[in-house]
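[1] need coordinates for the following:
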Amino acid sequence: MAKMVDRSGSDRGGLVAVIGGGSIGVAFAVVFGNAGRQVRLFEPDQSRRAAVPGLLRARLDDLQSYGLLDEAPDSIARRVTLADNLAEAVENADYVQECAPEVLALKQELFAALDRLSPPQAVLASASSFIPASAFASDLGGRHRILVTHPGNPPFLVRVVEIVPAPFTDAGTVETATALLQSCGMEPVLVRKEVEGFVFNRLQGALLREAYCLVRDGVASVEDVDRIVRDGLGLRWSVVGPFETADLNTQGGIAAHAEKMGPSYARMGAERGQHDPWTPDLVAKVTAERRTQLPLKRWAERVAWRDRRLMAMVRHRRSEREA
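    Numbers count the residues shown, from 1 in each chain. Take a look at the predicted model:
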């Protein structure tokens, strides 16, 4: 499998190929280049390919202005070269990051070509947002080295990346992709079962579906919904996730929260035709994981920590407004 990256040394691993020069492809080139990787990028559209260097440099300059680069933009940009065709892009690559549009037929065709053209040891990863690898790679001879690595957008800022193997993906492929992305400053999260949209977009989609309904039903305006998420839920979620939010919002933790609030959430779900109750077994499972992460004797300490982090966020936002 691919050689791991050592961010502290001069030899930082082998070549990464990025397929697609859209916003995600350019962003991944920034991630890999900033980690010291040599990157070869292929974009089939000539006009877009011609625009890639300028887009890449604009991202790097912005990151530099905020002190978020490990090196000068020129040094990173020199690591990213453009390929004239797919075969040239993947030649000698250890890792291939596909960033093509979210079209099933296109991904089927592209991964057939990648499987044929890339070195047999190379990991083939898709940045697919919704389509699992089983849908486009199940018939390929090299399917054992294919998986989804779905990033947040843009990945050079939103560092979480979903690692989504198919049932046929080799465990070594998962380990190699995870280690490589970690070494590039990403935060991989293993998705344990293939589902459309994975975790990121299922969570995002649940909020968007309700947001559309609230606007449709005249409950709130678009701006009001955005304000509640931006200045309320989003502010809090930048510090703690939804399970920890519930855990810290109620004395007694998440079990007490589920007992008090579960019926109300069930009624709201029923309004939308959804019946997914928080059963006692499910609440017990979530509670057990939370208590492993945070014993109740440390609950008050964690609440105080959350509040201090929120204070820092509020102070930062205030300073931005006043600047």
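[2] what ranges does the stretch 51-200 of the chain have for its strands?
    Here the stretch 51-200 of the chain has its strands, by DSSP state E, counting those that start in this stretch, at 80-82, 93-98, 123-126, 146-151, 160-165, 187-190.
[3] which one of these lies closest to residue 25?
    Nearest to residue 25 among the strands of the stretch 51-200 of the chain is strand 93-98 (7.8 Å), distances taken as C-beta to C-beta. All C-beta atoms are positioned from the backbone trio N, CA, C, and that covers glycine.
[4] now the element after the helix or strand in which residue 284 is found, going C-ward?
    Taking DSSP states H and E as the definition, residue 284 sits inside helix 280-293. Sequence order places helix 299-322 as the next helix or strand after helix 280-293, per DSSP H and E.
[5] could you list the buried residues of that next one?
    299, 302, 306 (16 or more other C-beta atoms under 10 Å).
[6] CSV for the residues you listed, including pLDDT and distance to residue 180?
    Formatted as CSV, the buried residues of helix 299-322 follow (pLDDT from 0 to 100; distance: C-beta to C-beta, whole Å):
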residue, pLDDT, distance to residue 180
299, 98, 37
302, 98, 33
306, 97, 33
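[7] burial measure for residue 179, as a count.
    By other C-beta atoms under 10 Å, 15 other residues sit near residue 179.
[8] for residue 186, see how far away it is.
    11 Å (C-beta to C-beta, to the nearest Å).
[9] what bridges to residue 161?
    Per DSSP bridges, the residues bridged to residue 161 are residue 151, residue 188.
[10] care to break the chain down by domain?
    As assigned by automatic domain parsing, the chain contains the domains 15-190, 200-322.
[11] tell me which of those is the most buried.
    Comparing the domains of the chain by mean neighbour count (mean count of other C-beta atoms under 10 Å), domain 15-190 ranks first with a mean of 19.
[12] between the two ends of that one, how far is it?
    Separation of the first and last residues of domain 15-190 by C-alpha to C-alpha, to the nearest Å is 24 Å.
[13] contacts only, for residue 200.
    Residues near residue 200 by C-beta atoms under 8 Å, 6 or more residues apart in numbering: 129, 150, 152, 160, 162.
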